[in-house]
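S.K.: My questions are about this predicted structure, shown below with the sequence.
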Amino acid sequence: LIAFMQRAIGYALTGRTDEQCFFILHGSGANGKTTFLQTISAIMSDYAMQTPTETLLVKAKGAIPNDVARLKGARFVIASEAEAEQRLAENLIKQMTGGDTISARFLHQEFFDFKPTHKMFLGTNHKPIINGTDYAIWRRIRLIPFEITIPETERDPKMLEKLLKEKEGILAWAVEGCLRWQSNGLGMPAAVKEATAGYRNEMDVLSQFISDTCKIGGDLLVPSKELYCVFEKWCSTNGEQQITHKKFTQRLKEMKFDTLQIGSDRKRGFKGLALCAG
């Protein structure tokens, strides 16, 4: 994991966006993720920028993208501490982590276009909500687990100050990471792969619904309307956001549950699923 972080920071030194990644440093408090990000930000100086967490979240329609406009020319962009149940602005993340041109403007000014050079790092105790299930968003996510909580008696309030006295050595470490990234690519260690896969499963409401309420088997059948009614009730009970019947059907097809007509009245249904008794 440390070698991966070194390559990620080395990659962030560059103005390239080949990897198209969005890095989320996740863990409960007192584990060093904020200190780490602040240290790298200080080392990168004018190439680093802190942006409000709201930059990455769903905004009110018509909001002026001042915060996005500020990112022009940045290399290393950090945000911190998303609150629970906040939704990631998925389309914006796709745009900001790719090579496509971004349009933005400052308040009372005209729009301008720029090519992204920045890499986004979010340090947070709470994983932002991702409603999308498509490959385009999830291939960008790199959830980096910070699992160790430093005991209160071992915390050093001057740790950042001490680390910044070692700026030259840390910069050399980052440059070495850049060379390793150029030689071998970013890669994804098992810990990041497993954490990201777990995050994706956690965000997949439909998979949770099926796990809670259904049996799976090749010969099982369930009427579509009946299944969707149960889904609506399940969402209401569990505080989950509902999706339309059309989207519900589309997602089940993506999960390889085929549609067919059931019974003499030819009701539409799904093969391979049945509701659990009760």
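M.R.: Received the coordinates, thanks. Numbers count the residues shown, from 1 in each chain.
S.K.: ok, what's across the strand from the closest residue in space to C21 that isn't next to it in sequence?
M.R.: Leaving aside its chain neighbours, C21 sits nearest to R142 (5.1 Å; criterion: CB to CB, 6 or more residues apart in numbering). The way it works is simple: take the backbone N, C-alpha and C, and place the C-beta from them, glycine included. With DSSP bridges as the criterion, R142 is bridged to F23.
S.K.: mind checking how far R142 is from P128?
M.R.: 14 Å (CB to CB, to the nearest Å).
S.K.: So for the two, which sits in the more crowded spot?
M.R.: Higher neighbour count among R142 and P128: P128, with 25 against 21, using other CB atoms under 10 Å.
S.K.: pretty sure that one contacts E90?
M.R.: No. Counting by CB atoms under 8 Å, P128 does not reach E90; the two are 9.7 Å apart.
S.K.: shared neighbours of R142 and P128, which are they?
M.R.: I24 (CB atoms under 8 Å, 6 or more residues apart in numbering).
S.K.: Relative to Q86, how far out is the residue nearest to L88 when sequence neighbours are not counted?
M.R.: Spatial nearest neighbour of L88, chain neighbours left out: P128 (4.2 Å); criterion: CB to CB, 6+ apart. For P128, the distance to Q86 equals 5 Å [CB to CB].
S.K.: shared neighbours of these two, anything?
M.R.: Joint contacts of P128 and Q86 (CB under 8 Å, 6+ apart) are L57.
S.K.: can you count the residues close to Y135?
M.R.: Count around Y135 with other CB under 10 Å applied: 8.
S.K.: Model confidence for it, exactly?
M.R.: With respect to pLDDT, Y135 scores 87.
S.K.: what helix or strand does K59 sit in?
M.R.: For K59, there is no enclosing helix or strand under DSSP states H and E.
S.K.: Could you find the closest non-adjacent residue to it?
M.R.: A89 (6.9 Å).
S.K.: In contact with the one you found, which residues?
M.R.: A89 neighbours (CB under 8 Å, 6+ apart): L56, L57, V58, K59.
S.K.: cool, and L252?
M.R.: L206, T259, F270, L273.
S.K.: Helices - which of these land there?
M.R.: Using DSSP state H to define helices, the subset of the contacts of L252 located there is L206.
S.K.: pLDDT weak spots in the stretch 51-200 of the chain?
M.R.: Within the stretch 51-200 of the chain, the ranges that satisfy pLDDT under 70 run 60-65.
S.K.: Now do the helices in it.
M.R.: Ranges of helices in the stretch 51-200 of the chain, per DSSP state H, counting those that start in this stretch, are 66-69, 90-96, 135-138, 159-164, 167-184, 190-203.
S.K.: Throw those into a markdown table and include distance to S80, thanks.
M.R.: As requested, these are exported to a markdown table (distance: least, CB to CB, whole Å):
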| stretch | distance to S80 |
| --- | --- |
| helix 66-69 | 14 |
| helix 90-96 | 16 |
| helix 135-138 | 21 |
| helix 159-164 | 14 |
| helix 167-184 | 19 |
| helix 190-203 | 18 |
